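>>> no letters, just coordinates:
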């Protein structure tokens, strides 16, 4: 009964993702000449009262230069965002400019650094031209972009997850020194997961001879993906594992470790597959080398697509309330959102398991010796 109550409370907490902050769409010029649009013009959309579900969803799943929480009503009848400003680090024209994102005043003003003027437009920073955005004949942005090294929302979430990982593993390691054989506290939570990765993923795929060497990486991979998947489900959480740059880097680590650890037998089977006729050997060799790239590519796309799709579906169900503009649709939306939130709790752990398991499988195939 306690577990059921905890599950229901978690689902209700996750539905708090209904807090939205609308963002305006890009201005599309009608004439064929280059036009200049001021930042104030960009902030006003033709249909300001119309709810744009696609824009709201994209706003929540993409990265940002501030950690937005909610919008509060102001005295003038408008809304002012409540957010944590994050450091902006820009490299432009040989200069390194550092300031807080609050200097942009949520996109309402530009920031001057010496003779360089920066403008925040749809969570991207450009060099402003007289405080304005400049568009081409087809609506493309002509402003130059500096090299952006900022601590964005995803980067801040990455640092938070790294701190959580260090705390979990260090506290678990200390628990083995202070406690007896019966795991309690944090150790009682992490030990079954560690044993699961070891006994169900590492040993079967790597064997008793090799699993100890790669177990630290597999444990880090599993806990990193799982923790960030769970953080992304929290209200106003960052969509870190739904960022393709993050999944690309994780897949790249697996690609490098797999091929650096490859034995002579592994590379021999790729270059000259045994039992294959000489006539089709060149074709098979090309296919095997393509397979070296498709394996990490599938890891990258699978994690990115599943996590992003889950967020989009949940936000889509919530958006139905605002699209139909009726409270009668809210019970249906809430039921579907609760179902999707429970499903996403499963997907969060499942995707961590699949990524780790396939990584162990690829490494296991690479380190095997000829029997």
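Structure's in. What do you need? Small disclaimer: the values here were computed from a predicted structure and weren't measured. Residues are numbered from 1 along each chain as shown.

>>> can you list the buried residues in stretch 172-190?
Within stretch 172-190, the residues that qualify as buried are 172, 175, 183, 187, 190, counting by 16 or more other CB atoms under 10 Å. To be clear about C-beta, it is placed using only N, CA and C from the backbone, and glycine gets the same treatment.

>>> what's the neighbour count on the closest residue in space to residue 301 that isn't next to it in sequence?
Take residue 301 and drop its neighbours on the chain: the residue closest to it by CB to CB, 6 or more residues apart in numbering is residue 247, 7.7 Å away. Counted with other CB atoms under 10 Å, residues neighbouring residue 247 total 25.

>>> quick one: the helices in the stretch 251-371 of the chain, in order.
Using DSSP state H, counting those that start in this stretch, the helices of the stretch 251-371 of the chain run over 264-271, 281-324, 330-367.

>>> min pLDDT across the buried residues of stretch 172-190, which one?
Of all the buried residues of stretch 172-190, residue 183 has the smallest pLDDT value, namely 72.

>>> just checking, that residue touches residue 175?
Yes: between residue 183 and residue 175 there is a contact under CB atoms under 8 Å: 7.3 Å.

>>> before we move on, which element is residue 117 in?
strand 116-121 (DSSP states H and E).

>>> tell me what that strand is packed against?
helix 39-42, strand 95-100, strand 111-113, strand 124-127, strand 132-135 (3 or more CB pairs under 8 Å, 6 or more residues apart in numbering; DSSP states H and E).

>>> and these: which comes nearest residue 361?
strand 124-127 (38.6 Å; CB to CB).

>>> what average pLDDT does the closest one get?
91.

>>> go on, stretch 243-258?
In this model, stretch 243-258 has a mean pLDDT of 94.

>>> repeat that for stretch 360-371.
In this model, stretch 360-371 has a mean pLDDT of 82.

>>> same deal with stretch 219-235?
92.

>>> give the rounded mean pLDDT of stretch 328-338.
Mean predicted confidence for stretch 328-338 is 86.

>>> just the buried positions in it, please.
Residues of stretch 328-338 classed as buried: 333, 334, 336, 337, 338 (neighbour count, 16+ other CB under 10 Å).

>>> output these as a markdown table; include the columns distance to residue 59.
Converted to a markdown table, those look like this (distance: CB to CB, whole Å):
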| residue | distance to residue 59 |
| --- | --- |
| 333 | 19 |
| 334 | 22 |
| 336 | 21 |
| 337 | 18 |
| 338 | 23 |
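
>>> report the central residue of this protein.
Nearest residue to the geometric centre of the chain (CA atoms, centre = their mean): residue 240, 2.3 Å.

>>> that one and residue 227, how far apart?
10 Å (CB to CB, to the nearest Å).

>>> quickly list what's touching both of these two.
residue 161 (CB atoms under 8 Å, 6 or more residues apart in numbering).

>>> is it true that residue 71 lies in a helix?
No: checked against DSSP: H, G, I helix; E, B strand; the rest coil, residue 71 lies outside a helix; its state is strand.

>>> residues near it, how many?
17.

>>> what number of residues lie near residue 157?
22.

>>> what's the helix or strand hosting it packed up against?
Assessed by DSSP H and E, residue 157 sits inside helix 153-178. Secondary-structure packing of helix 153-178 (3+ CB pairs under 8 Å, 6+ apart): strand 66-73, helix 185-196, helix 203-233.

>>> closest to residue 342 out of the ones you listed?
Comparing the helices and strands packed on helix 153-178 by CB to CB, helix 203-233 comes nearest, at 10.5 Å.

>>> show me what that closest one is packed up against.
Packing partners of helix 203-233 (3+ CB pairs under 8 Å, 6+ apart): helix 153-178, helix 185-196, helix 244-260, helix 281-324, helix 330-367.

>>> quick revisit: the residue nearest to residue 301 and residue 304, how far apart?
Using CB to CB, we find residue 247 at a distance of 4 Å from residue 304.

>>> overlap of the contact sets of the two?
Common contacts of residue 247 and residue 304 (CB under 8 Å, 6+ apart): residue 241.

>>> so, low pLDDT: which residues of the chain?
For the chain, the stretches flagged by pLDDT under 70 are 1-49, 74-78, 179-181, 369-371.

>>> ok so, going back, so which of the helices and strands packed on helix 203-233 is nearest residue 50?
The nearest among the helices and strands packed on helix 203-233, by CB to CB, is helix 281-324 at 10.1 Å.

>>> so what secondary structure elements neighbour the closest one?
Short answer (3+ CB pairs under 8 Å, 6+ apart): helix 281-324 packs on helix 53-61, helix 203-233, helix 244-260, helix 264-271, helix 330-367.

>>> and those helices: which comes nearest residue 285?
Among the helices and strands packed on helix 281-324, the nearest to residue 285 by CB to CB is helix 264-271 (6.0 Å).

>>> list the buried residues of that closest one.
266, 269, 270.

>>> centre of the chain to the helix holding residue 157, how far?
Put simply, helix 153-178 sits 19 Å off its chain's centre (CA atoms, centre = their mean, to the nearest Å).

>>> so how far is residue 125 from residue 278?
57 Å.
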